[in-house]
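*Asks:* Prediction below, plus the sequence it came from.
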There are 2 protein chains.
Amino acid sequence: MDAAQEAHNREAFRQAVVNTLERRLFYIPSFKIYRGVAGLYDYGPPGCAVKANVLASWRQHFVLEENMLEVDCPCVTPEVVLKASGHVDKFTDLMVKDEKTGNCYRADHLLKDFCKEKLEKEPNLSDEKKAEFRHVLAVLDDLSAEELGAKLKEYGIVAPDTKNPLSDPYPFNLMFQTSIGPSGTLPGYMRPETAQGIFVNFKDLYYYNGSKLPFAAAQIGQAFRNEISPRQGLLRVREFTLAEIEHFVDPADKAHPKFSEVAKLEFLMFPREDQVSGRSARRIPIGEAVAQGIVNNETLGYFIGRVYLFLTYLGIDRDRLRFRQHLANEMAHYAADCWDAEIECSYGWIECVGIADRSAYDLRAHTDKSGVPLVAHEKLPEPREVEKLVIAPVKKELGLAFKGNQRMVVEALEAMAEKEALELKATLESKGEAEFHVCTLDRVVTIKSNMVTISKEIKKEHQKVFTPSVIEPSFGIGRIIYCLYEHSFYTRPSKDGDEQLNVFRFPPLVAPIKCTVFPLVQNQQYEEVAKNIARSLTAAGISYKIDITGTSIGKRYARTDELGVPFAITVDSTSSVTVRERDSKQQIRVDVDEVASVIKEVTEGQSTWADALWKYPTLTHPDCS
Amino acid sequence: MDAAQEAHNREAFRQAVVNTLERRLFYIPSFKIYRGVAGLYDYGPPGCAVKANVLASWRQHFVLEENMLEVDCPCVTPEVVLKASGHVDKFTDLMVKDEKTGNCYRADHLLKDFCKEKLEKEPNLSDEKKAEFRHVLAVLDDLSAEELGAKLKEYGIVAPDTKNPLSDPYPFNLMFQTSIGPSGTLPGYMRPETAQGIFVNFKDLYYYNGSKLPFAAAQIGQAFRNEISPRQGLLRVREFTLAEIEHFVDPADKAHPKFSEVAKLEFLMFPREDQVSGRSARRIPIGEAVAQGIVNNETLGYFIGRVYLFLTYLGIDRDRLRFRQHLANEMAHYAADCWDAEIECSYGWIECVGIADRSAYDLRAHTDKSGVPLVAHEKLPEPREVEKLVIAPVKKELGLAFKGNQRMVVEALEAMAEKEALELKATLESKGEAEFHVCTLDRVVTIKSNMVTISKEIKKEHQKVFTPSVIEPSFGIGRIIYCLYEHSFYTRPSKDGDEQLNVFRFPPLVAPIKCTVFPLVQNQQYEEVAKNIARSLTAAGISYKIDITGTSIGKRYARTDELGVPFAITVDSTSSVTVRERDSKQQIRVDVDEVASVIKEVTEGQSTWADALWKYPTLTHPDCS
């Protein structure tokens, strides 16, 4: 199959999935009656139930299993927090504007589309040109505004909708901005991630955990990104649900006590070296990957393993799931290592979970900005001697020299980092005075050697004080759910072979509705039985749909297969009923009184459908497809 | 006890509750290390768990029980939607500014505080003055900006922080404003309620429900109100979780099939007439309230009953819960009836759930603004003859008169409401022509009698087309949780009587952690047993806390009583353990292998602590308080 045919099939498959999803209200473009807003979607009833099930599984699999500290912080965030985290300055995409209409585009998207189209649609491209376009695609994320602008000019790229010329690229901040309070003086943003809410609470959470490391905090919540041009349906949206874990650990000890529980798991990994040398992803046991140093440490490896278990447990196909390591140029300068769980769908390999060792970056940034030390303490088994830098400003001299500004100068001297202090010491010793910048005064002052003593002293330390490293698994819930839809979707012919019927093969735990209740024919007795069963299902906490319309049973099955309902209860007598499994279409016969508890057991995982087949009489109903 | 003493006790009680809540991280002022932002709070681990439990109970009690259609819509909302709903124009509070500092205050709060202080702190007030201040308090919500301004001036009210003069009151819109997309041309807001997301999806949801009424849709999500001056801790905040139900019903038939299930419930109700005539709330069976016409209809009554069951099931004290009917002046003009579930706490009676029959207002508003008819259809048993207004514009004449604008005039004529059309008809018949306003042209044109015929004709109708009424129970989840904290809190003396210990008597379903696991003394054998029990609890999906510190068992109990943990497992042998219940402090002895399932049963409600006391040997442990 050639590339064009493959692309066509992918497109057709996606259309079939998306049509079913939209028609059955798994999701709906938001505010449709007002012609919608790009990048905003509603989850309708089945989508909402799938999401609730995925989040409940996440809580069970991560929060409860590891005794994580869950928190719930507001979306509205004051500027100071996102200034410290770097989002105000750096959370941008490069944008170009149609110079006539003002339409906005992501500069990298235009360049990417151009190169891909050249490669896909121009068979006679020279090898040289091919290599050039491939190179552009590879370095796309690294291009500066100037470099991107130059490429757009070089290739003569214009606005796709109008063919008008484009502006130079410039950074557009992706946060939704707002103003907190009535005075208009406190700028705020809708959070672009949930993690910052955890970092700013580190001190309280650490105390809550008995001042012990390691521990993890977790948060599920909405995040917001004002995308320049949302596309790819549910994959790139302006508001989405994130589930984030921040696991705090001593940077000197990233071992994990439960690592052995996942060490033998083997799955597709795509280390940095393999990507660079053009090899494919390969199955590596995670234990080996850590032992060989491919994955930086055990805790990171543990979470990679747990993420693998979580995703496959939801129903993600293990052959279309890989863990790809970030290339050196993709990774933030402070990160120790970073792996993305990527899931393959009709849009290609999509990043759905990021698992990063962010070292001490975030806690340090908030420590610096807030002045509140976000650190951990550990009592040393015995006191140790350490060389410590002591900065002792001579307040009298500073007072004489700087009068009312004395306090600011003292504070600035005391706040010097070691390197800066040693440089100042050297200058004072050689020249007797030195220029010194005081941030809070926003000016440079002259410090003389009698104004401060800087020395190294040997001190006894009884405890170690350090900034913990943080290992962050961050889950894009909407992306996981969309990929799950694609991996769960299949079609099969109807009984008469006239049409293809859609099925979602959701595992029971994910399925939006666990079972349906159908009276085989419309009569009062059967409807009464159906309603009694419905009541027992409600009492058991099992979601169900009851359908007492006269539609043929085959049609009713088809309708609910399309919602991924795993079990159908058909009432065809007043004492016992048939239960049909969605994918195998196998049926068993169960007593009316027992059926709710059978459904509860197979959907909640206490037993399996195979157990039920063994325990109850099986049958093929004449009326069922 | 006089009023001042009572106020003092309330304040002291609240301080004790709030101190415990903040110290144990039930909640934390958000962004504390940056000195916080008024009206924004984080839920820490126990608060987060309580919230998750309350929401899970809500889903079970409402969504699952009634087969409601749950949806999940974005918080970011384009202006057009909130223009239609009335929020852009009317969702305001009256604000005054300190004329020198620019500090902002809610005008009604200042007036309210002034009157209350006069009444409370000036014992020698004349009866006349007393009556005046009471009257102001009663009509506070009805005052216009001018009236409020006049009162502030009359009483010489100044800025409370600075004593500076105040500006005149003016409306401040409480929505957080933002801009959607990069162009800056699409204004948006953070939704002030979740309901609009349901209304705009009515058409799809109605179809999803098989085009049948009644049905209910539900949504849980964040809502945002940029309060002028947040106060009262968790009760008036800028971001909060709402759980809203929109039950759509034929306005001609508001009976409810399950009303009989709640009709006998009896609880405190406070009908409009009783409020006006100065009586107190009284216990009325909800069946009677509906029968007597105190509550407008069965569906409204059904939800009032269900809300009562839900709140008391969470642990709200039935004696501090009442349903208060809105006074005529409180209710929106379109509402048929409205009741608030109010819970009494140290701040007074707090509205926690609003249950309103909003008639067809919301669907009509969106129909008008979007042009998409949000209506229901019902096939009539047999066709009926109805008199219908027929408006037939004469396009030829209109074309001659209005040329290019003909289409707009035709559309405006056809869009006339019945009353307007009949007036036009009368004018045309009497005068031969009439002035007519065309919205889309934004001007008045002259219509002559040959340009349109308006007549009433008898037509056969096969189906009824109508806008459903909506009954809306809307839950402020944070307020309910705060009141629950106050209702669950008590203190009792420690064993030695030296101090008062705090306890939250949460029912097991609400409790943030279901049980603790304590080895009685620090030794490896007991710790091993404790860890095995912990593993079985995780497998059973029961949240727990394990404490292997050497702290005395009494202290460990006290620490977890303060989190409202209902059960404590103390490991004092390798074969069996003691289980202690929080409030009674009674203990039973249970085999190690059995203990996880015993805890699961009593926390999930399959059995009770009384059952467990009967089944297992009881004991009093020498070491336990």
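*Replies:* Sure thing, it's come through. Please read all numbers here as calculations on a predicted model, not as lab measurements.

*Asks:* Next SSE downstream of the helix or strand hosting A:Val81?
*Replies:* Secondary structure from DSSP states H and E places A:Val81 in helix A:79-84. Using DSSP H and E, the helix or strand that follows helix A:79-84 towards the C-terminus is helix A:87-90.

*Asks:* can you give me the mean pLDDT across that next one?
*Replies:* Throughout helix A:87-90, pLDDT has a mean value of 92.

*Asks:* To which secondary structure element type does A:Met93 belong?
*Replies:* Quick fix: residue A:93 is Asp, not Met. strand (DSSP: H, G, I helix; E, B strand; the rest coil).

*Asks:* per-residue confidence at it?
*Replies:* 92.

*Asks:* List the beta-bridge partners for it.
*Replies:* Taking DSSP bridges as the rule, A:Asp93 bridges to A:Phe172.

*Asks:* Count the neighbours of it for me.
*Replies:* Using other CB atoms under 10 Å in any protein chain shown, A:Asp93 is surrounded by 19 other residues. C-betas here are computed from N, CA, C, even on glycine.

*Asks:* any idea which helix or strand carries A:Val521?
*Replies:* Going by DSSP H and E, A:Val521 is not in any helix or strand.

*Asks:* What is the end-to-end distance of stretch A:408-422?
*Replies:* Stretch A:408-422 stretches 20 Å from its first residue to its last (CA to CA, to the nearest Å).

*Asks:* Check what contacts stretch A:589-608 and list those residues.
*Replies:* A:508-509, A:511, A:514-515, A:529, A:532-533, A:536-537, A:539-542, A:566-567, A:569, A:574-579, A:609, A:611-612, A:616-619 (CB atoms under 8 Å, 6 or more residues apart in numbering or on different chains).

*Asks:* so of the residues you listed, which ones are in strands?
*Replies:* Under the assignment DSSP state E, these contribute A:515, A:567, A:569, A:576-579, A:618-619 to strands.

*Asks:* can you list the domains in chain A?
*Replies:* Taking the TED database as the criterion, chain A consists of the domains A:47-73+A:192-375+A:467-498, A:92-173, A:380-464, A:513-615.

*Asks:* Let's have these in a markdown table, adding distance to B:Glu461.
*Replies:* As requested, those are exported to a markdown table (distance: least, CB to CB, whole Å):
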| stretch | distance to B:Glu461 |
| --- | --- |
| domain A:47-73+A:192-375+A:467-498 | 37 |
| domain A:92-173 | 47 |
| domain A:380-464 | 78 |
| domain A:513-615 | 25 |
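
*Asks:* before we move on, the earlier item: briefly note if the helix holding A:Val81 comes near chain B.
*Replies:* Yes. Contact of helix A:79-84 with chain B (CB under 8 Å from any CB of the partner chain) involves A:80-81.

*Asks:* Which secondary structure elements does that helix sit against?
*Replies:* Applying 3 or more CB pairs under 8 Å, 6 or more residues apart in numbering or on different chains; DSSP states H and E, we find helix A:79-84 packed against helix A:87-90, strand A:186-190, helix A:361-370.

*Asks:* now the first one: how far from the chain's centre is it?
*Replies:* Relative to its chain's centre, helix A:87-90 lies at 19 Å (CA atoms, centre = their mean, to the nearest Å).

*Asks:* Show me which positions of that helix end up buried.
*Replies:* By neighbour count with 16 or more other CB atoms under 10 Å in any protein chain shown, helix A:87-90 contains the buried residues A:87-88.

*Asks:* before we move on, back to that, so which of the contacts of stretch A:589-608 reach chain B?
*Replies:* A:Gly541.

*Asks:* Give me the buried subset of the contacts of stretch A:589-608.
*Replies:* A:508-509, A:511, A:514-515, A:529, A:532-533, A:536-537, A:540, A:542, A:566-567, A:569, A:576-579, A:609, A:612, A:616.

*Asks:* doesn't A:Leu327 make contact with A:Val276?
*Replies:* Yes. With contacts counted by CB atoms under 8 Å, A:Val276 reaches A:Leu327, the gap being 7.1 Å.

*Asks:* When those two are compared, which one has more neighbours?
*Replies:* A:Leu327 (14 against 10).

*Asks:* Surely that one is in a strand?
*Replies:* No. Using three-state DSSP, the assignment for A:Leu327 is coil, not a strand.

*Asks:* Roughly how far does it sit from A:Thr194?
*Replies:* For A:Leu327, the distance to A:Thr194 equals 26 Å [CB to CB, to the nearest Å].
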